[in-house]
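Asker: Pasted the sequence and its predicted model underneath.
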Amino acid sequence: MTNFKRIGILDHPLRPYTEPVGNRIAASLEAQGIATWHRNQWQADDVADDVQGSDIVVAIGGDGAMLRAARVCAPYNVPVLGLNMGRLGFLTEIASPQDWEACLERLLAGNYWIERRMMLKAVINYQRQPLVEGIALNEVLISGNGAGFMVQLDTYIDGDWATTYSCDALIVSTPTGSTAYALAAGGPILPPDLSNILLIPTSPHLSMDRPIVLSEGSQVAVRASNDNRHEVLVSVDGSHLAPLRENDIIYVTASDYSSRFIRMRERNYFYRSLLDRLEPRVNRIAPEHLKSLKAIEGKL
């Protein structure tokens, strides 16, 4: 049995239909004698004090809600339990609000495990002085300030010049992000338990056009080339961070923080979940004679 004393609930602030679900969850938790706080309109700074000292946070929405919650919870090592009310729900654990009561029973019985996922730290420096920084669970995006605006980006790996990309954007991704924007841009899929950085240019023109998986612990540094003619912007998980001005350098490394997600599925859930979404028309119910590799090996 678990001994949860304080649980927070974060509704998706842009989806008002998540608030009634949050109210029902709060009532369920309070009926179990668990102290509960609940926010429907929030920013990271607004809920930091609430998150600190909580046992878990329930994020209601889709993957966007999980990204927002992960960034605010990671500095305090608070795990996130996601309830899907979005379109994809790749990061969430509970498929629908109808499943909440059954999942709460399992949660309170201690039938869960914690999955840790790497995050990125992005720091923009000017004349070696940090100007602004942010953390990302999916990716850091370095792009032009308009659709189709090509930018030239001098890119360094572990301090040495690697290439100058001419592209619409450069995606610096985590393994979690490898199934998001990076996947749409033609990048490889990385298992979420890795700690590697992935580089993917979008719409590269006469420059390096292949994704690169970097060694664990690598640092990426990017500056706007002297040949660049458009403003360069930096965003983290889809949220604007800052412009990358002339002579600015952005450094991207693995963050000291990691996201922690509550899981109730088996530990190899990732591949089944991935294929169910990439090939939704394929029947994923395995025939009895194929379900267990151990059973097959036992007959050989």
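Answerer: Received it, and whenever you're ready, just let me know what you need.

Asker: CA only for contacts and neighbour counts going forward, please
Answerer: Will do.

Asker: which regions of the stretch 151-300 of the chain sit below the pLDDT cut-off?
Answerer: Along the stretch 151-300 of the chain, the model assigns pLDDT under 70 to residues 281-300.

Asker: Parallel or antiparallel, which strands does the host helix or strand of Gly8 pair with?
Answerer: Counting by DSSP states H and E, the element that carries Gly8 is strand 6-10. Here strand 6-10 is paired, per DSSP bridges, with strand 35-39 (parallel), strand 56-61 (parallel).

Asker: What lies in contact with that strand?
Answerer: Contacting residues not belonging to strand 6-10 are listed as 22, 26, 34-40, 50-51, 53-60, 69 [Cα atoms under 8 Å, 6 or more residues apart in numbering].

Asker: Just the C-alphas of that strand, formatted as CSV.
Answerer: The C-alpha trace of strand 6-10 is given here as CSV (Å, rounded to 0.1, in the frame of the first residue of the first chain):
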residue,chain,number,x,y,z
ARG,A,6,-0.9,15.2,-0.9
ILE,A,7,-1.8,15.0,-4.6
GLY,A,8,-2.2,17.9,-7.1
ILE,A,9,-4.4,18.1,-10.1
LEU,A,10,-3.6,20.2,-13.2
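
Asker: Now do that strand, average pLDDT.
Answerer: Predicted confidence along strand 6-10 averages 97 (mean pLDDT).

Asker: Distance from it to the middle of the chain?
Answerer: Centre-to-centre, strand 6-10 and its host chain are 20 Å apart (Cα atoms, centre = their mean, to the nearest Å).

Asker: try stretch 109-119
Answerer: Worked out by Cα atoms, centre = their mean, stretch 109-119 lies 15 Å from the chain centre.

Asker: Equivalent analysis for stretch 153-171, please.
Answerer: With Cα atoms, centre = their mean, you get 23 Å for stretch 153-171.

Asker: What of stretch 135-146?
Answerer: Distance of stretch 135-146 from its chain centroid, counting by Cα atoms, centre = their mean, is 12 Å.

Asker: Let me see the domain layout of this protein.
Answerer: 6-117+258-298, 119-256 (automatic domain parsing).

Asker: Make JSON lines out of these and add mean neighbour count.
Answerer: Shown next, in JSON lines, are the domains of the chain (neighbours: other Cα atoms under 10 Å):
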{"stretch": "domain 6-117+258-298", "mean neighbour count": "17"}
{"stretch": "domain 119-256", "mean neighbour count": "19"}
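
Asker: all helices for the stretch 201-300 of the chain, in order.
Answerer: Secondary structure of the stretch 201-300 of the chain (DSSP state H, counting those that start in this stretch): helices at 269-278, 293-298.

Asker: swap that for the stretch 51-200 of the chain, sorry
Answerer: Applying DSSP H, counting those that start in this stretch to the stretch 51-200 of the chain gives helices spanning 63-73, 100-108, 181-184.

Asker: between those, which one is nearest to Ile171?
Answerer: helix 181-184 (6.7 Å; Cα to Cα).

Asker: okay, the strands paired with strand 6-10 in a markdown table with mean pLDDT and distance to Leu198 next?
Answerer: A markdown table is the format used below for the strands paired with strand 6-10 (pLDDT from 0 to 100; distance: least, Cα to Cα, whole Å):
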| stretch | mean pLDDT | distance to Leu198 |
| --- | --- | --- |
| strand 35-39 | 96 | 34 |
| strand 56-61 | 96 | 27 |
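
Asker: Strands of the stretch 101-250 of the chain, start to end?
Answerer: 113-126, 129-136, 139-144, 151-157, 160-167, 169-173, 198-202, 212-213, 220-224, 232-236, 239-244, 248-263 (DSSP state E, counting those that start in this stretch).

Asker: gap between the two ends of stretch 120-137?
Answerer: Distance between the boundary residues of stretch 120-137 (Cα to Cα, to the nearest Å) amounts to 6 Å.

Asker: same check, this time on stretch 108-115
Answerer: Termini of stretch 108-115 sit 18 Å apart (Cα to Cα).

Asker: And stretch 95-103, by the same measure?
Answerer: So stretch 95-103: terminal residues 10 Å apart, Cα to Cα.

Asker: What lies in contact with it?
Answerer: By Cα under 8 Å, 6+ apart, stretch 95-103 touches 21, 25, 28, 83-85, 89, 94.

Asker: 6 Å - rerun?
Answerer: Here stretch 95-103 makes contact (Cα atoms under 6 Å, 6 or more residues apart in numbering) with Asn84.

Asker: how far does that stretch sit from the chain's center?
Answerer: 22 Å.
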